[in-house]
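Participant: Show me the folded form of this:
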Amino acid sequence: MQTEIIISGFGGQGTLYAGQLLAYAAMDEGKHVTWIPSYGPEMRGGTANCTVVISDDEIGSPTVLNPTAVLVMNLPSLDKYESLVKPGGWLIVNESMVNRTPDAPNAHVILLPANAIAQEIGNERAANMVMLGALQANLHLLPEGALERALHAHTAERLKKFITMNIQALARGAEYAA
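Facilitator: Numbers count the residues shown, from 1 in each chain. Sure, this is the predicted structure:
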């Protein structure tokens, strides 16, 4: 089985990190993975997105036309990607940063106040983990605890102080979206 995911938002929202963590977690579970980041020259404040493909078999191409899931962190990302979600796929929207109703009639849509949930945890920058938790809760891409194990295994030493908060954010996103 192959699952294709696009994660998109402004630079600085952690979209690339969320995709990278998902890729590491899948790789640690023995899956075939591609992770393709893309960002504008501005980085912080510019557009940033990544494509993650997770498969039980070899991946023929990392290019994604109609993803199984799209996580959108802001309105420009919703405008760009909502029509691309494949029928029966998932559109997970950070409604803290989006001021309109998504138009994806053939997709499962989850509106998630990711920034607000992350603020409750103590750091708005954890919104990316809230979104990733919602994805995992609905797609069950990986075994339980895989994302948490990947956080412990692949977080740089200087950032390990944020692991507990990120695990809380994953749990809150999963809880909210389940």
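Participant: Give me the below-cutoff pLDDT ranges for the chain.
Facilitator: 40-46 (pLDDT under 70).
Participant: Now do the contacts for the residue positioned nearest the centre of it.
Facilitator: Centroid-nearest residue in the chain, with CA atoms, centre = their mean: residue 132, separated by 4.3 Å. By CB atoms under 8 Å, 6 or more residues apart in numbering, residue 132 lies in contact with 18, 21, 22, 71, 147, 170, 173. No exception for glycine: its C-beta is placed from N, CA and C like everyone else's.
Participant: hmm, which of these are the buried ones?
Facilitator: Burial by neighbour count, 16 or more other CB atoms under 10 Å: within those this picks out 18, 21, 22, 71, 147, 170, 173.
Participant: What values do phi and psi take at the fifth one?
Facilitator: Dihedral angles of residue 147 (phi, psi; degrees, to the nearest 10) stand at phi -70, psi -40.
Participant: thought it was touching residue 25?
Facilitator: Yes - counting by CB atoms under 8 Å, residue 147 touches residue 25, with 5.0 Å between them.
Participant: contacting residues for residue 2?
Facilitator: 53, 54, 55, 56, 57, 59.
Participant: switch the cut-off to 10 Å
Facilitator: Counting by CB atoms under 10 Å, 6 or more residues apart in numbering, residue 2 makes contact with 31, 32, 53, 54, 55, 56, 57, 58, 59, 60, 68.
Participant: Make a PyMOL selection of the buried ones in the residues you listed.
Facilitator: To isolate the buried ones among these in PyMOL, judged by 16+ other CB under 10 Å, type:
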select buried, resi 31+53+54+55+68
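Participant: All the helices of the chain, residue numbers only.
Facilitator: With DSSP state H as the definition, the chain shows helices at residue ranges 15-28, 75-81, 114-121, 127-139, 146-154, 163-177.
Participant: How far away from the center of its chain is the first one?
Facilitator: Pointing back at helix 15-28 there. With CA atoms, centre = their mean, to the nearest Å as the basis, helix 15-28 stands 9 Å off its chain's centre.
Participant: Can you mark which positions in that helix are buried?
Facilitator: Taking 16+ other CB under 10 Å as the criterion, helix 15-28 shows 15-26, 28 as buried.
Participant: what does the shortest one give?
Facilitator: Judged by neighbour count (16+ other CB under 10 Å), helix 75-81 contains these buried residues: 75, 77, 78, 81.
Participant: any chance of these in JSON lines, with distance to residue 107 too?
Facilitator: JSON lines is the format used below for the buried residues of helix 75-81 (distance: CB to CB, whole Å):
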{"residue": "75", "distance to residue 107": "17"}
{"residue": "77", "distance to residue 107": "15"}
{"residue": "78", "distance to residue 107": "12"}
{"residue": "81", "distance to residue 107": "11"}
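Participant: Among those residues, which one sits closest to residue 48?
Facilitator: Comparing those against residue 48 with CB to CB places residue 77 closest, at 9.2 Å.
Participant: Alright, calling it a day.
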